[in-house]
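Novice: Curious how this folds, go ahead:
(one chain, ligands or ions: 1)
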Amino acid sequence: MKKLNSVETLDKRNELVEYGFTIVPEVRPESLVHQLGIWSDDILNRVTIDRKIRCQGSDIFVYTERLWAEADKAVKPNHFPDPLAEKIIDLPLQKEVCGLIGLEGRNPDEVVIILSKTGCGPPLYWHQDFMKWNSPEAATPWPTCIFLFYYLTDTIRQNGCLRVIPGTHRKRHRLHDILPDAHSAEIQAINDLSHPAFADFQMP
Ligand SMILES: O=C(O)CCC(=O)C(=O)O
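Specialist: Coordinates of the predicted model:
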């Protein structure tokens with residue numbers, strides 16, 4: 001990756017604060033992306049995806065070995081430790097970029113989630129993963145909880161890139177009044193693709 005200069009860094013920071021997302025190209029080395037592709041394909045071939053998470057893709061949680069050692073968990077096909085989780089989370093360039101963008105704290109959850117859906121699978125329902133909307137933390141204008149996404153193949157609208165409505169982490173949108181909670185049984189049960197949870201929306 002070409003190192004971000006101070007203007008680019010500020011742009012990324014402002015985008016993240018304003019829109020709720022930003023894109024930083026080339027953080028992961030090609031060789032690691034290739035390795036992750038082979039690794040995740042192998043895992044996905046072994047795991048059966050529950051119908052209730054058909055819209056989310058898979059729910060495969062890969063833990064760092066340091067977290068797994070502390071947690072009293074039983075290995076399941078979709079919950080297990082792997083040394084690659086540490087490699088993904090500890091990548092020096094990723095840490096550097098997060099620092100340059102001005103993210104504070106930077107305490108990773110020590111978990112990597114593998115997501116995949118078959119081509120032309122159902123769309124993902126609109127949702128917000130952040131759970132602490134009633135905490136004072138939610139009132140800060142800067143991000144306190146972020147996800148880092150890496151696409152392992154070229155991903156466009158037609159094959160599943162993530163949809164966002166810019167700014168809805170800070171400004172009310174009519175979807176906020178009608179959506180069931182993220183990942184709840186209620187939203188997972190929606191089969192009607194004309195439901196607003198799947199509709200095209202822009203900021204009002
Ligand atoms: O499918 C994606 O790209 C994102 C999935 C997601 O947001 C979630 O499962 O919470």
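Novice: drop to CA atoms for contacts and neighbour counts, all remaining ones
Specialist: Noted.
Novice: residue ranges for the helices of the protein, please.
Specialist: In order along the chain, the chain carries the following helices (DSSP state H): 6-19, 30-46, 65-70, 83-89, 92-101, 175-178, 185-188.
Novice: Among those helices, which comes closest to Ile53?
Specialist: When these are ranked by proximity to Ile53, the top entry is helix 185-188, at 6.6 Å, counting by C-alpha to C-alpha.
Novice: Please say whether there is contact between that closest one and the ligand.
Specialist: No. Residues of helix 185-188 contacting the ligand under C-alpha under 6 Å from any ligand atom: none, with a closest distance of 11.2 Å.
Novice: Same check on stretch 14-26?
Specialist: No. Using C-alpha under 6 Å from any ligand atom, stretch 14-26 never reaches the ligand; the gap is at least 12.6 Å.
Novice: Tell me the buried residues in that stretch?
Specialist: Neighbour counts over stretch 14-26 (16 or more other C-alpha atoms under 10 Å) mark Asn14, Glu15, Leu16, Val17, Glu18, Gly20, Phe21 as buried.
Novice: what is the rounded mean pLDDT of stretch 141-156?
Specialist: Rounded to a whole number, the mean pLDDT of stretch 141-156 is 90.
Novice: roughly how far apart are Leu152 and Lys76?
Specialist: Between Leu152 and Lys76 the distance is 24 Å, computed by C-alpha to C-alpha, to the nearest Å.
Novice: cool, Leu162 as well?
Specialist: From Leu162 across to Lys76, the span is 27 Å (C-alpha to C-alpha).
Novice: Low-confidence ranges, the protein, go.
Specialist: Of all residues in the chain, those with pLDDT under 70 make up the ranges 1, 203-204.
Novice: Close to the ligand: what parts of it are there?
Specialist: Gln56, Asp129, Leu162.
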